[in-house]
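In: no sequence on this one, just coordinates:
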DNA sequence: GTGAAAGCGCTAACAT
DNA sequence: ATGTTAGCGCTTTCAC
């Protein structure tokens, strides 16, 4: 069923049928009803490829994410899905599994499929080849979660958030605080969060910050356990994301420590599931759905005005420390220690 | 950069350029190298819409899921993504948020975007209008997680799995076992799992099975707490999915009960995160990534042979009961009770 | 092994 | 308010 068939059946020209679907106001009420009727009868729906070929617009947005297995990105994609659907756009996601070389590959694939723009979460905005390619080729893009002055980004102030969290923990009597991260060099976000940790520790005049860098998620629990079973263990663990926090809690448990009585654990991301865990997860919550939605807004606005989102369009959303049960006052004896 | 530009630059016809990309064997080695060279130089990539318009194949697969917020579907989508990418296909996901009327809407949207086929998880395969539409219109589709004799499905034997689980719990000394589900009428999977529960209880000659039906996730914890604080509370809770199991553990905690010493909790799905929780989640694990991958395989095979997947192509994958820390022997006193 | 040409279904400029 | 028509970029038959 092509537009020509419908036109013939309705006794009008293909142009009129096209107008009924794209510029209905230009068509006489009666004619429009007639066309709509015929179209419905034959179950006609305009062919997207033909429209795209003609208009050079696919109404599809590409999305590049590290993984869907981390709920933070799944929640974000959920937001993206809602916002795009509301605008009549569809999405085409691709995941990199945190492999940096997959980023450029994913972008190339999406471009090959003719997406109008791309939303992405990259390992490191400053050095990303994927982002460079997008920019060179004039494909509209917006970074989400990444935060960099040269690119259009939707992000939260990760550095400030962690700095303030250190302050909060210090107030709870913690002086021995360690940070748990993935590989720092593989993530600009982790670096920013770590910078906030260092700044916060310095400001609180606490002793040089311990960093537990976890190279692979598989060994996270072991890595953390090692530190928790040392003679002078930290009383609080600031994890750079919620999944690490979950593993930190497990590590504590394996070391015979109770959370939060013996050790406090905080995460970063605010995944929904954290609210239902036992203990509930303390975390620096980001509005994950909104991050996606705002990114879509930025991107579609640019696409429809035939321009590229600018770094000056960047949006910073509010974060919020959610104090769950995994975080409490420092244990008394440790207070005595310090 | 169109195929014509490349052809002109290389001094060949557009047909030859097309062959270089689609039927390279038909092209003289030298000519091919030349064209490839020119194409690379200009960063040429064939236009997907034009190809789709001409061939009537988009190489895009639509995916309809309830939500991405439940890791079970995120993991499945991950598998789908990998398999499609390996075949040179892209995916276009849409979520229904468990709203049954969104299913048909999502399908219509995907069809409008010209997907070659659809992978879906629906509320109820038997009555789904979305599935009916797909079938009527001759759009290839495969159901995932749903299990129904009239449709091509990739699923596990949910009923048998739960039946066997009841047996396992009975062996552990549990006689007072309750099942926790979402709204039964809204999910054929939950119904099947419940049927397995009833069958298992009967076979184990245990007293009529208690069902805790949780209408809304928001109130799940309250609903479960109510039962756990009753005078003759169950010693084991079989939850129809892992997210409910997490909430059941929380409910137990709020009732002052320890898991698993006072009450055992099991889930269904095998989400990866469950392995890192404390206690680790006991669950009937499905191979979520593989479910997606198998669905893709079935679908693409059909698409490329110009046919529709048949109900006889349905695949049943193996499930496995993962015994985590959330499940243990029934408490002694309760054994005495029974 | 390569080229010429038709046409996939649509939109938009132009004409009436 | 509606019609005519060219052409988006590609693949594929048919011819050579």
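Out: Received the coordinates, thanks. Everything numeric here is computed off the predicted structure, so don't read it as measured data.

In: right, and residue A:103 touches residue A:123 too?
Out: Yes - between residue A:103 and residue A:123 there is a contact at 7.0 Å, judged by C-beta atoms under 8 Å. To be clear about C-beta, it is placed using only N, CA and C from the backbone, and glycine gets the same treatment.

In: Figure out how far stretch A:151-164 is from the centre of its chain.
Out: 13 Å (C-alpha atoms, centre = their mean, to the nearest Å).

In: Ends of it, what's the gap?
Out: 26 Å (C-alpha to C-alpha, to the nearest Å).

In: next one: stretch A:263-283
Out: The stretch stretch A:263-283 measures 15 Å between its terminal residues, going by C-alpha to C-alpha.

In: where along the stretch 1-150 of chain A do the helices fall?
Out: A:3-10, A:14-22, A:29-42, A:48-55, A:71-86, A:100-112, A:129-137 (DSSP state H, counting those that start in this stretch).

In: Specify the stretch among the ones you listed that is closest to residue B:209.
Out: Evaluated with C-beta to C-beta, those place helix A:71-86 nearest to residue B:209, the distance being 32.1 Å.

In: What angle do helix B:71-86 and that closest one make with each other?
Out: Here helix A:71-86 points in a direction 70 degrees away from that of helix B:71-86 (axes from the mean of the first three to the mean of the last three C-alpha atoms, to 10 degrees).

In: Pull out the buried residues from helix A:71-86.
Out: A:71-81, A:83-85 (16 or more other C-beta atoms under 10 Å in any protein chain shown).

In: hmm, back to that, next, format the helices of the stretch 1-150 of chain A as JSON lines and append distance to residue A:214 and mean pLDDT.
Out: Below are those laid out as JSON lines (distance: least, C-beta to C-beta, whole Å; pLDDT from 0 to 100):
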{"stretch": "helix A:3-10", "distance to residue A:214": "57", "mean pLDDT": "94"}
{"stretch": "helix A:14-22", "distance to residue A:214": "53", "mean pLDDT": "95"}
{"stretch": "helix A:29-42", "distance to residue A:214": "57", "mean pLDDT": "94"}
{"stretch": "helix A:48-55", "distance to residue A:214": "44", "mean pLDDT": "96"}
{"stretch": "helix A:71-86", "distance to residue A:214": "17", "mean pLDDT": "97"}
{"stretch": "helix A:100-112", "distance to residue A:214": "18", "mean pLDDT": "95"}
{"stretch": "helix A:129-137", "distance to residue A:214": "25", "mean pLDDT": "96"}
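
In: Nearest to residue A:237 among those helices would be which one?
Out: helix A:71-86 (18.5 Å).

In: That closest one and chain B, are they touching?
Out: Yes - shown here: helix A:71-86 in contact with chain B (C-beta under 8 Å from any C-beta of the partner chain) through A:71, A:74, A:75, A:77, A:78, A:81, A:85.

In: How many neighbouring residues does the residue lying closest to the third one once chain neighbours are set aside have?
Out: This points to residue A:75. Leaving out its chain neighbours, the residue that sits closest to residue A:75 by C-beta to C-beta, 6 or more residues apart in numbering or on different chains is residue A:288, at 3.9 Å. When neighbours are counted by other C-beta atoms under 10 Å in any protein chain shown, residue A:288 registers 25.

In: residues in contact with residue A:288?
Out: A:72, A:75, A:76, A:78, A:79, A:269, A:270, A:271 (C-beta atoms under 8 Å, 6 or more residues apart in numbering or on different chains).

In: Do I have it right that residue A:250 meets residue B:276?
Out: Yes - counting by C-beta under 8 Å, residue B:276 is a contact partner of residue A:250 at 5.6 Å.

In: between those two, who's got more neighbours?
Out: Using other C-beta under 10 Å, the more surrounded residue of residue A:250 and residue B:276 is residue A:250, with 22 against 19.

In: Just list the residues touching that one, thanks.
Out: A:221, B:276, B:277, B:278.

In: SS state for the first one?
Out: Three states are possible here, and by DSSP: H, G, I helix; E, B strand; the rest coil the one that applies to residue A:221 is helix.

In: Pull up the gap between it and chain B, please.
Out: The gap separating residue A:221 from chain B is 7 Å, by C-beta to the nearest C-beta, to the nearest Å.

In: Please apply the same query to residue A:183.
Out: Going from residue A:183 to chain B by C-beta to the nearest C-beta gives 19 Å.

In: give me phi/psi at that residue?
Out: As for residue A:183, its main-chain torsions (degrees, to the nearest 10) stand at phi -70, psi 120.

In: I'd guessed it sits against residue A:211; true?
Out: No - in this structure residue A:183 lies outside contact range of residue A:211 using C-beta under 8 Å: 11.4 Å.

In: what about stretch A:39-53, how long is it end to end?
Out: OK, stretch A:39-53 end separation, C-alpha to C-alpha: 22 Å.

In: Whether it contacts DNA strand D - can you check?
Out: Yes - on the criterion C-beta under 7 Å from any atom of the strand, stretch A:39-53 is in touch with DNA strand D at A:50, A:53.

In: so does that stretch get close to chain B?
Out: Yes - with C-beta under 8 Å from any C-beta as the criterion, chain B is reached by stretch A:39-53 at A:43, A:45, A:46, A:47, A:48, A:49, A:50, A:52, A:53.

In: Report the buried members of those.
Out: A:46, A:47, A:48, A:49, A:50, A:52, A:53.

In: residues in contact with the first one?
Out: For residue A:46, the contacting residues are A:3, A:18, A:21, B:112, by C-beta under 8 Å, 6+ apart.
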